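A.B. asks: Okay, structure incoming, though there's no sequence with it:
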């Protein structure tokens, strides 16, 4: 376990070092594909789990590329008419396959064959779905064919609809209202897996599958189980799991959490560090009247999204740590002209300005370290550590675990830590955010 | 003469309506009994269920799961249910009635309801029933006064871990006013979608007296439902679509879940305006396509279908098999007809 973790984490500092060297910093944005016409192919492939397992998956591939878990995140613009053609390249015996996009309006399906819920692509065949991305928001898509098997097998994905007026640099809004604005956005597509089902499928023993004995032992965010969630996106050794989940933010910024529950169980998703404000469910702002804005939003430190549904949360972090998070010996100011108790530029919490760190840290020789400890309790400060310690937090960020609060879901087939878990980094303002 | 008769009839009608307004007491007769329910795969499951009877149990309908819908008229602010316990052995129990979300019922004599406690093997008193019991072979009376409007589930209040999942549950509604589920919530059409589950192993153990401490099945610890029902039936090729009004109508869906597990009803291509939970109206509806229907709860949701068609409703927690066989389970269809020409349409928000 340790060696696997170490090996996998090697990519994390590579990314961080690139950042330090001044490689072009990307915005913190969600990876996906944009457009109005998509060709997806359902096919089989394998994913890796951090305990070394390799699991057969049925997933959606972009065009005829490699299958990915979850399927490509479709990033659409409000008002566009969307066409998705699905081709069924699943192995013989898998049967038909389809796509449901709940929450989208004006949906029609053409081609293929009629299934129980929607039209389906038969083996080797295709079906085309059209709908209008009428309303902005976060949505799910998943197979509507034998869903208890095909959703489990991995035929799931997320849809993001950008509102009219959205601009990636000058008007980052989740919905058509300024109160849905954000600085950074991250996808949290939650899923789980019972590998027995996948093994039966792989062995050609479909008749052994019993939906009523479902017993998941893996839990994923964006198709990866921890600690792989924190690796860079598109690492070459996870070719079928391109998406990561490494939320980063700066003090005082608005981090948009797009939570999609692609699985069949509830996963109480918990944000350490602060509450998040749930502004929308299932792609609809929580508002008292159309256009009112999210006046019915509520603060939660844990959000359980019903399976198939979505929630959008705004997370916002400022330090009320009880000490000056930037340290007391570097001469920085806390200037609060607008009276919100925060420095107008850095969002430092001014009532704590100049307060010393409340305890004497023990000597390094008397301390054990975690991989994320940068050597200092002050934001943006890194201090030397003994050889082999730390290294995953080069900018001196504050970091918080964001995870399922069903604690058994923090495992990979009974091994802790893992599963539905990642770390959220509050980076100093001097560090640009890089994700994916 | 003719005019006089008409006047008398009118007076009688008015008097009846006035009486209905003030007398305000709905009264039902329910019989609890044992019956066999056949699943689509031929498996026969022993159930406990309710049957609706005419006044004073003069005649009773068939036992069913869920139990017969009890519709309390808007003008009736109290409810009396006469319960007859006709469970048959080898194993039987006293039964009772509660309505979660309403006050505990009285027996119509005592001023306040009281739980029933029985001594366990160590002599400690343990609650067996939330309210007074009706013993096998006898009749009991359960009175709710007042009865709040809304969508509710009635169920046994005795040995609930066993009796509810054995099938002793049913839907109950009282509208706030004619055509209004809650004050200010009018609807044109309503559909009840009642979710529940069956674990045949538990049922067989209970009816053969093999359930309980020291017996072959000691508790519901290993409860593992095999059948997932909507309105008492899992999906099969025999399932037919439920008529649910016309395009443009306000269609109220009353969701109830008597199962021990939560469910997420998704209606294909429709948002639901979730209005109420457990019979309590929200200040503002929630627009959702995947609402959580927690175990033991009720939800009221309004849809306004825009186009005629047959739309699937399915459990997104994926109780979609009959035992291991697919398809099956909690999959139903609502059939929306074309709006008649010239019909008033309530546009969708």
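C.D. replies: That came in fine, so what should we check first? Bear in mind that the values here come from a model prediction, so they are computed numbers and not experimental data. Numbering: from 1, shown residues only, chains lettered A, B, ... in the order given.
A.B. asks: Report the contact partners of residue 279.
C.D. replies: No chain was given, so I picked chain A. Applying CB atoms under 8 Å, 6 or more residues apart in numbering or on different chains to residue A:279 gives the contacts A:174-175, A:179-180, A:285-286, A:294, A:297, A:312-314. Bear in mind the C-beta positions are built from the backbone N, C-alpha and C, glycine included.
A.B. asks: Oops, wrong one, chain B.
C.D. replies: Residue B:279 is in contact with B:101-102, B:148-152, B:298, counting by CB under 8 Å, 6+ apart.
A.B. asks: Any part of stretch B:213-222 near chain A?
C.D. replies: No - against chain A, stretch B:213-222 shows no contacts by CB under 8 Å from any CB of the partner chain, the least distance being 11.3 Å.
A.B. asks: buried stuff in that stretch?
C.D. replies: Neighbour counts over stretch B:213-222 (16 or more other CB atoms under 10 Å in any protein chain shown) mark residue B:217 as buried.
A.B. asks: what does stretch A:354-367 give?
C.D. replies: Within stretch A:354-367, the residues scored as buried using 16+ other CB under 10 Å are residue A:357.
A.B. asks: now what about that stretch, what contacts it?
C.D. replies: Outside stretch A:354-367, the residues that touch it by CB under 8 Å, 6+ apart are A:322-324, A:327-328, A:334, A:377-378, A:385-386.
A.B. asks: what's the most distant pair in those residues?
C.D. replies: A:334 and A:386 (33.5 Å; CB to CB).
A.B. asks: which of the two has more neighbours?
C.D. replies: Higher neighbour count among residue A:334 and residue A:386: residue A:334, with 20 against 11, using other CB atoms under 10 Å in any protein chain shown.
A.B. asks: To which secondary structure element type does residue A:30 belong?
C.D. replies: Secondary structure for residue A:30, judged by DSSP: H, G, I helix; E, B strand; the rest coil, is coil.
A.B. asks: Isn't it up against residue A:186?
C.D. replies: Yes - checked against CB atoms under 8 Å, the pair residue A:30 and residue A:186 is within contact range at 6.7 Å.
A.B. asks: hey, what's in contact with both of those two?
C.D. replies: Common neighbours of residue A:30 and residue A:186 (CB under 8 Å, 6+ apart) are residue A:258.
A.B. asks: Spell out which parts of the stretch 151-300 of chain A neighbour chain B.
C.D. replies: Residues of the stretch 151-300 of chain A lying close to chain B by CB under 8 Å from any CB are A:151-152, A:209-213, A:264-266, A:281-282, A:284, A:286, A:288, A:290, A:296.
A.B. asks: if you set the cut-off to 7 Å instead, what comes out?
C.D. replies: With the criterion set to CB under 7 Å from any CB of the partner chain, the stretch 151-300 of chain A comes near chain B through A:151, A:209-212, A:264, A:281-282, A:284, A:288, A:296.
A.B. asks: Now list the buried members of the residues you listed.
C.D. replies: So, by 16+ other CB under 10 Å, the buried ones in these are A:151, A:209-212, A:264, A:281-282, A:284, A:296.
A.B. asks: Which member of the contacts of residue B:279 is positioned nearest chain A?
C.D. replies: residue B:298 (15.9 Å; CB to the nearest CB).
A.B. asks: Look at residue 341 and say how many residues are nearby.
C.D. replies: No chain in the question, so chain A it is. Residue A:341 has 15 neighbours, counted by other CB under 10 Å.
A.B. asks: should've been chain B
C.D. replies: Neighbours of residue B:341 (other CB under 10 Å): 5.
A.B. asks: On the pLDDT front, check it for me.
C.D. replies: Residue B:341 carries a pLDDT score of 74 in this model.
A.B. asks: Relative to chain A, how far out is it?
C.D. replies: For residue B:341, the distance to chain A (CB to the nearest CB, to the nearest Å) stands at 23 Å.
A.B. asks: Would you double-check that that residue falls in a helix?
C.D. replies: No - looking at residue B:341 with three-state DSSP, it is coil, so not inside a helix.
A.B. asks: And stretch A:387-406, end to end?
C.D. replies: Length of stretch A:387-406, first residue to last, CA to CA, to the nearest Å: 36 Å.
A.B. asks: Report the buried residues of it.
C.D. replies: Buried residues in stretch A:387-406, counting neighbours by 16+ other CB under 10 Å, are found at A:390-404, A:406.
A.B. asks: Ok, stretch A:95-108 next?
C.D. replies: For stretch A:95-108, the neighbour count (16+ other CB under 10 Å) marks A:95-104, A:107 as buried.
A.B. asks: ok so, going back, if you look at the residues of the stretch 151-300 of chain A next to chain B, which of them are in strands?
C.D. replies: Those of those mapping onto strands are A:281, A:284, per DSSP state E.
A.B. asks: circling back to that earlier point, please pick the buried ones from the contacts of residue B:279.
C.D. replies: Buried among the contacts of residue B:279 (16+ other CB under 10 Å): B:101-102, B:149-152, B:298.
A.B. asks: Which members of these define the maximum pairwise distance?
C.D. replies: Spatially, the most separated pair among the buried ones among the contacts of residue B:279 is B:149 and B:298, at 12.6 Å (CB to CB).
A.B. asks: just the buried ones among the residues of the stretch 151-300 of chain A next to chain B now: which is nearest residue B:156?
C.D. replies: For those, the minimum distance to residue B:156 (CB to CB) is 24.8 Å, reached by residue A:212.
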